[in-house]
Every structure is written in C-alpha cells, then in structure tokens.
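Peer 1: no FASTA, just this:
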C-alpha cells in the first residue's frame, strides 16, 4: 500500500524544526475560493515568521498544474482525468455561484479592483516567503499526474510527510 | 494588500488571554448544515468555559447578514453579489439534498420536533455565552458587504486577527 | 437541548489517555473522496501509534450505515431521509466529477489498479489498528438513523465527546 512510502522521511525532518509552532494545511479542494482562503492564510502566517506547510491532495493538485500542456506518457484513464480537471490556478472556479464561469470572472475582477492579490500572485508570494508546497504522491499516482506537469518549487511526499508537518504545527487545517 | 491590515490588533489581545486553550473556527461555508455544526461545537465548547472565536470569511458572511434590506451605497457588482447571496441565517440552505428548498425545510422541521436549536437560536446562545464572532474585513470588501448590513455584536478583523486567535487555541477548524 | 447529553462522559475518558498527542477528526462529509482522505490519514497516524478518534456527524453517518436494509421503526420523514441517503461506504460518490456515477466508478477502478485500499478496506484496517469511530447521537436523532443500522464497532457520543477527544489531540480536522 502506498501509505507507508513516506514514513522514512519523518525522523530526518523532525530535527530540522522542532519548534512545533508551525501552520499546516491539507489542501484537498480545487475550488478557487478555498484556494484563495488557503493562500491568504499561508501568506499571513509566513509574514509573521510562522513555518507553513501546505499539503496538496486530490482536487488540490489541480492548483499546482502547469498552464501549458506537458507531453507525458499516460494511460487512457489518466488522460481522461487530465482532460477533465482544470489545468492550473488560473483555471479554477468558485465552489458557489460559478454560473458557467461568470461568477468566477466577476470575483476575479472585483478582487483586482480592490487590490487583493490574485491566486497565482498569492502562490508566488507564498513560495517567496518560504511556504512549503508538498504534493501528495498517492494522489498523483491515482490521478495520473506526473511531476513534470506541476509548477516548479514543489516537494513530493506521502501521508507520513503530512503527519510529520502536523506534528510540528500549532494549527492544522483541512481545506 | 489588505492582508497586513489587522496586524496591529495582535499584541494587545495576546495579553488578554494567554491560556492557549481556546477553540477557533474559520467559517468559510455558507451552508446551513455546516453552520449548524459550527455553532453546535461553539455552544458546546463555550458551555465548558472554553474561549471560542469564530472567524467568518467568504460565504460564511451570509450567516451574519441582517434579514431586512439595509440601504447602503454599492457599486453595480456589489449590488449583484448582495442580491444573489442569502440574507441571513434563516435563508441558508443545506449543502446536500436541498431539493429546491424542500430538503432544507424538512431538516428544519425535524430539528424542531427533536428539540434541537435552530441556527438563529444557536447563534443567539453563542453570543450570550461570549463566543466572539469576527468578520473578515477583506471578504466584506470583496463582496461589498457593509458593516450596517450585519447583525449586532460582531467584531471586524483581518487574517492577522484569525492567526492570533488560532495561536491562542488548542483546536482550530476550517469549516 | 441535546448538546449537554454527552457531558458526563468527559472526565472518565480524560484519565484513560492524558497524552494530548492524539489526532481527531470530525467527519461531516459523506463524499467518497473526503472519506478516503480521512481514513488514509487515520490509518497513517494509527500506524505511527497516534491515538485516533473520528467523530461522524451529519452526512458522515452514511459511511457507517450497514449495506443491508435493517428493519427498524421510523416516522415517515425518517424513512424518507433513510431512502434518499446512501447506505454505507460502498454507495458513496465523489464530491466532484461523479458524472452520474461514472467518475466514481473510474476512481474506484484506478485505485484498485494502483493498489490503493478501497474505502471499506481502509475502514476495516482503521478499526483493526484501534481507531475509534464515534457516531454523533444528535445527528442520528435528527436523521432518524438507529444504532442497529450502523456497522459493528462504533461508539456513540455527543458534542462533549468530540470536544474531549479534541482536547487530547495535537491535531483536529473538520472534514
């Protein structure tokens, strides 16, 4: 079973940071609004020098896909998953009031007018502030998403990697 | 960026309560069932003398809107958001099995028969028990919701205000 | 009000385990993908000797229903809820891309090919590893689900039971 895979990483990282005051998040959702919330929290916490780890699983992986199509070998089912799911942060839509994309477009425009960072910019800023973006390798395997299809600067890990981050965190959220 | 805005509130509040045994929740959802869960937890924790902070963001704001229409100046887009989103706790619907309102109506009736508090009553009780209801000012800004449109007894804060509450909490949930 | 009901269980359990390094989850969702995430985390944590408590509420109860129909006395509304909601782990569907069941079927097949445990097997494994499955009695009451309709090996508790588990946990998630 894939569960055990990341177990070996645990001990090594515990030494790195044993402060237990971190913030960690499981980003399960692939909805624009939830991703915005997650990255606003991540940026806010990082600005206050809190070590932040975001663990992307299931639909959350879509936020980390490259915009452009990447040529990789896939099975038919993997290709189908790939086609049906949004490719990258710019393609995500609201969980409510999407209304065929109109709600999402409205939200993006309003955010721009009010000087709130867009999701791609929040992600860039999070990376610059040292927020760790960890991708769930089991989800990659199930959904047939390959490492080359994901944006730069992400790490890869199993459930043990998440549990290790949670263990060193004051706050852990499932989003 | 709006993120930094609440940062100044941090230090003052840390002195107030440095026990770190609180419960905090980000109420992101505007679904009746999730709000019920959130307020049942809040009331239960407050009854056991746990300091509770609920931070309302995105669709969660709808739970705090006044029932009646309030005259405030809005842009066209802000007015549209206002029309499309439910006005107050009584208008919220279930995340599943709403079935054009019938499921929600059934759920409310059953809860009444079984003597479970309704959402408005749970909210009233939470406020009486000293649960803090904090409204995300960035969400208000983006959705064009003004302070006068919200029920009495709420506070206003940015992401720093949430992070501060989380820091003083044993348990933090994203709902 | 049903809230107070579980309060008396609190003190007794605190003595059992006062380590505060547990993991607890509120399983509110009844979506296959979220249940998979919850049980993968539960199994991973249990494998690392973390005491895990899962508290099932609202739609989460559906995951614990027996597959077969159980004859119990119900009111009309309770029967209706029973008919409309999925009976057991095998009947749950994805929160996204269900596509009339096709997406869910595809996901299950891929998981099998990739040697990822199915939900029923993850649940079995969690129970074997000592993960506590606690069912929210208030949700049972509201939804008209009786104890006989649920799988073996579950416990029953109110919100106080959850708060007690959260109090003894390093990490608490709302799923």
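Peer 2: Structure's in. What do you need? All values derive from a computational prediction rather than experimental measurement.

Peer 1: and stretch A:57-64, anywhere near chain B?
Peer 2: No: counting by Cβ under 8 Å from any Cβ of the partner chain, chain B has no neighbours in stretch A:57-64; the shortest distance is 13.1 Å. All C-beta atoms are positioned from the backbone trio N, CA, C, and that covers glycine.

Peer 1: what's the first-to-last distance across that stretch?
Peer 2: Start-to-end span of stretch A:57-64 (Cα to Cα, to the nearest Å) is 10 Å.

Peer 1: just the mean pLDDT for it, thanks.
Peer 2: For stretch A:57-64, mean pLDDT is 98.

Peer 1: and if you look at stretch A:20-32?
Peer 2: Mean pLDDT, computed over stretch A:20-32, is 96.

Peer 1: report the buried residues of it.
Peer 2: A:22-32 (16 or more other Cβ atoms under 10 Å in any protein chain shown).

Peer 1: and for stretch A:130-142?
Peer 2: Buried-residue list, stretch A:130-142, by 16+ other Cβ under 10 Å: A:131-142.

Peer 1: give me the three-state assignment for the nearest residue to residue A:130 once chain neighbours are set aside.
Peer 2: Spatially, and ignoring its direct neighbours in sequence, residue A:130 is nearest to residue A:46 (6.4 Å; Cβ to Cβ, 6 or more residues apart in numbering or on different chains). Assigned with DSSP: H, G, I helix; E, B strand; the rest coil, residue A:46 falls in the helix class.

Peer 1: what bridges to the most centrally placed residue in chain A?
Peer 2: Centroid-nearest residue in chain A, with Cα atoms, centre = their mean: residue A:56, separated by 4.0 Å. Beta-bridge partners for residue A:56, by DSSP bridges, are residue A:27, residue A:135.

Peer 1: ok, residue A:45 touching residue A:52?
Peer 2: Yes: at 5.1 Å, residue A:45 counts as touching residue A:52 under the criterion of Cβ atoms under 8 Å.

Peer 1: which neighbours do the two share?
Peer 2: Common contacts of residue A:45 and residue A:52, defined by Cβ atoms under 8 Å, 6 or more residues apart in numbering or on different chains, comprise residue A:23.

Peer 1: tell me which residues of stretch A:114-122 come out buried.
Peer 2: Across stretch A:114-122, burial judged by 16+ other Cβ under 10 Å covers A:116-117, A:119, A:122.

Peer 1: which two of those have the greatest separation?
Peer 2: Of all pairs drawn from those, the widest gap by Cβ to Cβ lies between A:116 and A:119 and measures 10.2 Å.

Peer 1: quick one: distance of the host helix or strand of residue A:165 to the chain centre.
Peer 2: Per DSSP states H and E: residue A:165 is located in helix A:159-167. With Cα atoms, centre = their mean, to the nearest Å as the basis, helix A:159-167 stands 15 Å off its chain's centre.

Peer 1: and after it, which helix or strand comes next?
Peer 2: Heading C-terminal from helix A:159-167, the first helix or strand you meet, by DSSP H and E, is strand A:169-174.

Peer 1: where in chain A is pLDDT low?
Peer 2: Applying pLDDT under 70 to chain A flags the ranges A:1-19.

Peer 1: residue numbers of it in contact with chain C?
Peer 2: Residues of chain A found near chain C (Cβ under 8 Å from any Cβ) are A:1-4, A:7, A:10, A:26, A:28, A:30, A:57-59, A:77-78, A:80-81, A:84-85, A:138, A:141-144, A:158-160, A:162-163, A:166-167, A:169, A:172-174.

Peer 1: hang on, the earlier thing: in the helix holding residue A:165, what counts as buried?
Peer 2: Across helix A:159-167, burial judged by 16+ other Cβ under 10 Å covers A:159-167.

Peer 1: quick check, residue A:69 in a strand?
Peer 2: No: Residue A:69 sits outside any strand when classified using three-state DSSP, being coil.

Peer 1: spit out the contact partners of it.
Peer 2: By Cβ under 8 Å, 6+ apart, residue A:69 lies in contact with residue A:87.

Peer 1: for it, phi and psi?
Peer 2: phi -70, psi 130 (degrees, to the nearest 10).

Peer 1: tell me where chain A has helices.
Peer 2: Remark: helices assigned in chain A by DSSP state H are A:9-16, A:32-47, A:76-84, A:102-113, A:119-128, A:137-143, A:159-167.

Peer 1: who in chain A is up against chain B?
Peer 2: Contacts of chain A with chain B, taken as Cβ under 8 Å from any Cβ, map to A:23, A:25, A:33-34, A:37, A:40-41, A:43-45, A:47-48, A:50, A:96-97, A:106-107, A:109-111, A:114-117, A:170-175.

Peer 1: mind listing what the closest residue to residue A:32 other than its chain neighbours touches?
Peer 2: In space, and not counting its chain neighbours, residue A:32 is closest to residue A:92: 4.0 Å by Cβ to Cβ, 6+ apart. By Cβ under 8 Å, 6+ apart, the contact list for residue A:92 reads A:30-32, A:35, A:62-63, A:86, A:104, A:119.
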